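Enquirer: Just a sequence and a predicted model for now, questions to come.
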Amino acid sequence: MTQDEMKKAVAEAAVEFVQGGWVVGVGTGSTANHFIDVLARMKGKIDGAVASSEASAERLRGHGIEVLDLNSTGPLPIYVDGADEATRHLHLTKGGGGALTREKIVAAASDQFVCVIDETKQVDYLGAFPLPVEVIPMARSHVARILAGMGGNPVLREGFRTDNGNVILDVHDLRIMNPVELESEIDHIAGVVSNGLFARRPADVLLVGTPSGVQTITG
(Lines give C-alpha, C1' and ligand atoms only; values in the text may rest on other atoms or scores of the structure.)
Protein backbone atom coordinates (compact mmCIF):
# COMPACT_ATOMS: atom_id res chain seq x y z
CA MET A 1 0.00 0.00 0.00
CA THR A 2 1.44 3.37 -1.02
CA GLN A 3 1.57 6.39 1.25
CA ASP A 4 -1.25 8.01 -0.72
CA GLU A 5 -3.36 4.85 -0.38
CA MET A 6 -2.80 4.90 3.39
CA LYS A 7 -3.97 8.53 3.50
CA LYS A 8 -7.10 7.59 1.57
CA ALA A 9 -7.75 4.72 3.98
CA VAL A 10 -7.65 6.95 7.08
CA ALA A 11 -9.86 9.50 5.34
CA GLU A 12 -12.44 6.76 4.78
CA ALA A 13 -12.13 5.74 8.44
CA ALA A 14 -12.51 9.32 9.67
CA VAL A 15 -15.78 9.94 7.86
CA GLU A 16 -17.31 7.15 9.97
CA PHE A 17 -17.07 9.52 12.95
CA VAL A 18 -19.26 12.13 11.21
CA GLN A 19 -23.01 12.18 11.80
CA GLY A 20 -25.78 13.72 9.71
CA GLY A 21 -26.87 17.22 10.68
CA TRP A 22 -23.40 18.18 11.91
CA VAL A 23 -21.19 21.10 10.95
CA VAL A 24 -17.76 19.53 10.45
CA GLY A 25 -14.43 21.19 11.23
CA VAL A 26 -11.97 20.44 8.44
CA GLY A 27 -8.20 20.81 8.45
CA THR A 28 -5.54 21.50 5.86
CA GLY A 29 -3.05 19.39 3.93
CA SER A 30 -2.87 16.31 1.75
CA THR A 31 -4.61 13.89 4.13
CA ALA A 32 -7.27 16.48 4.99
CA ASN A 33 -7.85 16.89 1.25
CA HIS A 34 -8.62 13.18 0.97
CA PHE A 35 -11.07 13.58 3.87
CA ILE A 36 -12.78 16.47 2.08
CA ASP A 37 -13.15 14.33 -1.02
CA VAL A 38 -14.75 11.52 1.02
CA LEU A 39 -16.91 13.96 3.00
CA ALA A 40 -18.38 15.16 -0.31
CA ARG A 41 -20.44 11.96 -0.39
CA MET A 42 -22.27 13.24 2.72
CA LYS A 43 -22.84 16.79 1.51
CA GLY A 44 -26.60 16.30 1.50
CA LYS A 45 -26.54 14.97 5.07
CA ILE A 46 -24.25 17.43 6.90
CA ASP A 47 -25.11 21.08 7.58
CA GLY A 48 -21.79 22.42 6.30
CA ALA A 49 -18.15 22.76 7.26
CA VAL A 50 -15.75 25.16 8.94
CA ALA A 51 -12.38 25.28 7.16
CA SER A 52 -9.01 25.95 8.77
CA SER A 53 -7.58 27.54 5.61
CA GLU A 54 -8.60 29.29 2.44
CA ALA A 55 -7.29 26.33 0.43
CA SER A 56 -9.54 23.87 2.27
CA ALA A 57 -12.52 26.25 2.00
CA GLU A 58 -12.02 26.38 -1.77
CA ARG A 59 -11.85 22.58 -2.01
CA LEU A 60 -15.00 22.19 0.10
CA ARG A 61 -16.91 24.69 -2.04
CA GLY A 62 -15.70 22.87 -5.14
CA HIS A 63 -17.52 19.79 -3.85
CA GLY A 64 -20.68 21.78 -3.16
CA ILE A 65 -20.23 21.77 0.63
CA GLU A 66 -21.28 25.01 2.31
CA VAL A 67 -18.43 26.69 4.19
CA LEU A 68 -19.54 28.43 7.37
CA ASP A 69 -17.89 30.99 9.65
CA LEU A 70 -16.91 29.66 13.08
CA ASN A 71 -18.34 32.77 14.71
CA SER A 72 -21.80 31.81 13.46
CA THR A 73 -21.69 28.08 14.18
CA GLY A 74 -20.75 27.94 17.85
CA PRO A 75 -18.96 24.82 19.14
CA LEU A 76 -18.36 22.05 16.59
CA PRO A 77 -18.99 18.36 17.26
CA ILE A 78 -15.89 17.22 15.36
CA TYR A 79 -12.66 18.41 13.75
CA VAL A 80 -10.72 16.20 11.33
CA ASP A 81 -7.18 17.09 10.32
CA GLY A 82 -3.78 15.60 9.59
CA ALA A 83 -0.43 16.19 11.28
CA ASP A 84 3.24 16.41 10.39
CA GLU A 85 4.19 14.33 13.43
CA ALA A 86 2.15 12.47 16.05
CA THR A 87 3.00 10.43 19.14
CA ARG A 88 1.10 7.66 20.88
CA HIS A 89 0.26 10.25 23.55
CA LEU A 90 -1.75 12.07 20.81
CA HIS A 91 0.59 15.07 20.88
CA LEU A 92 1.08 16.58 17.43
CA THR A 93 3.25 18.88 15.38
CA LYS A 94 1.26 20.72 12.73
CA GLY A 95 1.72 23.69 10.42
CA GLY A 96 3.73 22.33 7.52
CA GLY A 97 1.08 23.89 5.30
CA GLY A 98 1.14 27.14 7.28
CA ALA A 99 -2.42 26.99 8.66
CA LEU A 100 -1.47 26.20 12.27
CA THR A 101 -3.23 29.12 13.96
CA ARG A 102 -6.59 28.57 12.30
CA GLU A 103 -6.20 24.81 12.80
CA LYS A 104 -5.60 25.40 16.50
CA ILE A 105 -8.68 27.64 16.73
CA VAL A 106 -10.97 25.10 15.06
CA ALA A 107 -9.53 22.26 17.18
CA ALA A 108 -10.14 24.28 20.35
CA ALA A 109 -13.75 24.91 19.32
CA SER A 110 -14.46 21.22 18.65
CA ASP A 111 -15.74 18.55 21.02
CA GLN A 112 -13.73 15.80 19.31
CA PHE A 113 -10.47 16.10 17.36
CA VAL A 114 -9.82 13.18 15.03
CA CYS A 115 -6.29 13.24 13.61
CA VAL A 116 -5.57 11.29 10.43
CA ILE A 117 -2.03 10.32 9.44
CA ASP A 118 -0.12 7.64 7.59
CA GLU A 119 2.43 5.60 9.54
CA THR A 120 5.38 7.70 8.33
CA LYS A 121 4.11 10.55 10.57
CA GLN A 122 4.03 8.49 13.79
CA VAL A 123 7.07 9.13 16.01
CA ASP A 124 8.28 8.32 19.53
CA TYR A 125 8.88 12.01 20.28
CA LEU A 126 8.35 15.26 18.40
CA GLY A 127 11.08 17.39 16.86
CA ALA A 128 12.41 15.73 13.72
CA PHE A 129 9.93 17.80 11.73
CA PRO A 130 10.79 21.52 12.15
CA LEU A 131 8.35 23.23 14.51
CA PRO A 132 6.41 26.01 12.74
CA VAL A 133 5.91 29.22 14.71
CA GLU A 134 3.61 31.92 13.31
CA VAL A 135 5.02 35.37 14.07
CA ILE A 136 3.88 38.96 13.54
CA PRO A 137 6.36 40.27 10.94
CA MET A 138 7.86 43.09 13.06
CA ALA A 139 8.75 40.56 15.79
CA ARG A 140 10.53 38.10 13.52
CA SER A 141 14.11 38.81 14.66
CA HIS A 142 13.13 39.18 18.32
CA VAL A 143 11.33 35.84 18.35
CA ALA A 144 14.12 34.13 16.39
CA ARG A 145 16.72 35.19 18.96
CA ILE A 146 14.67 33.76 21.82
CA LEU A 147 14.00 30.51 19.97
CA ALA A 148 17.73 30.19 19.26
CA GLY A 149 18.38 30.70 22.97
CA MET A 150 16.04 27.79 23.65
CA GLY A 151 18.26 25.52 21.57
CA GLY A 152 16.40 25.74 18.28
CA ASN A 153 17.56 26.81 14.86
CA PRO A 154 14.80 29.10 13.51
CA VAL A 155 14.63 29.54 9.74
CA LEU A 156 12.29 32.00 8.03
CA ARG A 157 9.91 30.29 5.59
CA GLU A 158 10.90 32.33 2.56
CA GLY A 159 8.24 33.85 0.34
CA PHE A 160 5.37 32.66 2.53
CA ARG A 161 2.61 34.51 4.35
CA THR A 162 -0.12 32.86 6.36
CA ASP A 163 -3.81 33.45 5.69
CA ASN A 164 -3.53 35.87 8.63
CA GLY A 165 -0.78 37.91 6.93
CA ASN A 166 2.03 36.74 9.20
CA VAL A 167 5.37 34.96 8.68
CA ILE A 168 6.49 31.52 9.85
CA LEU A 169 9.73 30.54 11.52
CA ASP A 170 10.47 26.82 11.14
CA VAL A 171 12.47 25.76 14.17
CA HIS A 172 14.94 22.94 13.53
CA ASP A 173 16.99 20.84 15.96
CA LEU A 174 14.47 20.64 18.80
CA ARG A 175 14.05 17.36 20.67
CA ILE A 176 10.66 17.97 22.23
CA MET A 177 10.34 15.86 25.37
CA ASN A 178 7.83 18.10 27.17
CA PRO A 179 5.49 19.37 24.43
CA VAL A 180 2.83 20.80 26.78
CA GLU A 181 5.37 23.01 28.56
CA LEU A 182 7.16 24.02 25.36
CA GLU A 183 3.91 24.95 23.64
CA SER A 184 3.07 27.35 26.47
CA GLU A 185 6.60 28.73 26.67
CA ILE A 186 6.74 29.61 22.97
CA ASP A 187 3.23 31.06 22.96
CA HIS A 188 4.26 33.49 25.70
CA ILE A 189 6.99 35.09 23.57
CA ALA A 190 5.86 38.57 22.55
CA GLY A 191 5.10 38.58 18.83
CA VAL A 192 4.23 34.89 18.56
CA VAL A 193 0.71 34.27 17.27
CA SER A 194 0.85 30.52 17.87
CA ASN A 195 3.08 27.51 17.36
CA GLY A 196 2.57 24.12 15.76
CA LEU A 197 2.54 22.05 18.94
CA PHE A 198 -0.88 20.57 19.63
CA ALA A 199 -0.27 19.25 23.13
CA ARG A 200 -2.39 21.38 25.46
CA ARG A 201 -5.32 20.40 23.24
CA PRO A 202 -4.12 17.13 21.68
CA ALA A 203 -6.03 14.82 19.39
CA ASP A 204 -8.76 12.69 20.95
CA VAL A 205 -8.44 9.97 18.33
CA LEU A 206 -5.45 9.16 16.13
CA LEU A 207 -6.15 7.16 12.98
CA VAL A 208 -2.94 5.74 11.51
CA GLY A 209 -2.84 4.34 8.00
CA THR A 210 -0.56 1.30 7.71
CA PRO A 211 -0.01 -1.29 4.96
CA SER A 212 -2.11 -3.73 7.01
CA GLY A 213 -4.98 -1.34 7.65
CA VAL A 214 -6.01 1.59 9.83
CA GLN A 215 -4.94 1.59 13.49
CA THR A 216 -6.96 3.56 16.04
CA ILE A 217 -5.22 5.13 19.04
CA THR A 218 -7.18 6.89 21.78
CA GLY A 219 -6.16 8.57 25.02
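Expert: Cool, got the structure.

Enquirer: residues near Arg88, how many?
Expert: By other CB atoms under 10 Å, the residues close to Arg88 number 12. In this view, the C-beta of every residue, glycine as well, is placed from N, C-alpha and C.

Enquirer: show me the contacts for it.
Expert: With contact taken as CB atoms under 8 Å, 6 or more residues apart in numbering, Arg88 is in contact with 122, 206, 217.

Enquirer: just the strands in this protein please.
Expert: Counting by DSSP state E, the chain forms strands over residues 23-26, 48-51, 76-81, 85-86, 92-93, 110-118, 131-135, 153-156, 167-172, 192-195, 197-198, 205-210, 213-218, given from the N-terminal end onward.

Enquirer: residues in contact with the second one?
Expert: With contact meaning CB under 8 Å, 6+ apart, strand 48-51 is reached by 23-26, 28, 39, 57, 60, 65-70, 73, 76, 106, 109.

Enquirer: export the strands of the chain to CSV and tack on mean neighbour count, mean pLDDT and distance to Leu182?
Expert: Formatted as CSV, the entries for the strands of the chain read as follows, by neighbours: other CB atoms under 10 Å; pLDDT from 0 to 100; distance: least, CB to CB, whole Å:
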stretch, mean neighbour count, mean pLDDT, distance to Leu182
strand 23-26, 26, 98, 25
strand 48-51, 23, 98, 28
strand 76-81, 24, 98, 20
strand 85-86, 24, 98, 13
strand 92-93, 28, 98, 11
strand 110-118, 23, 98, 19
strand 131-135, 27, 98, 8
strand 153-156, 16, 98, 14
strand 167-172, 21, 98, 10
strand 192-195, 22, 98, 8
strand 197-198, 28, 98, 6
strand 205-210, 23, 98, 20
strand 213-218, 13, 97, 22
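
Enquirer: that older thread, of the contacts of strand 48-51, buried ones?
Expert: Neighbour counting over the contacts of strand 48-51 (16 or more other CB atoms under 10 Å) leaves 23-26, 28, 39, 57, 60, 65, 67-68, 70, 76, 106, 109 as the buried ones.

Enquirer: remind me, longest helix of this structure?
Expert: Counting by DSSP state H, the longest helix found in the chain is helix 3-15.

Enquirer: Tell me which other helices or strands that helix touches.
Expert: Helices and strands touching helix 3-15, by 3 or more CB pairs under 8 Å, 6 or more residues apart in numbering; DSSP states H and E, are helix 30-39, strand 110-118, strand 205-210, strand 213-218.

Enquirer: What helices and strands are in contact with the last one?
Expert: Applying 3+ CB pairs under 8 Å, 6+ apart, one finds that strand 213-218 contacts helix 3-15, strand 205-210.

Enquirer: Let me see the contact set for Thr87.
Expert: 122-126.

Enquirer: Of the residues you listed - the most surrounded one?
Expert: Of all these, the most densely surrounded is Leu126 (26 neighbours; neighbours counted as other CB under 10 Å).

Enquirer: Do I have it right that that residue meets Phe198?
Expert: No. Applying CB atoms under 8 Å, one finds Leu126 not in contact with Phe198, separated by 9.8 Å.

Enquirer: these two touch, right, Gly219 and Phe113?
Expert: No. When contacts are counted by CB under 8 Å, Gly219 is not listed as touching Phe113 (10.6 Å).

Enquirer: Determine the residues that are contacts of both of these two.
Expert: Once CB under 8 Å, 6+ apart is applied, the residues that Gly219 and Phe113 both contact turn out to be 202, 204.
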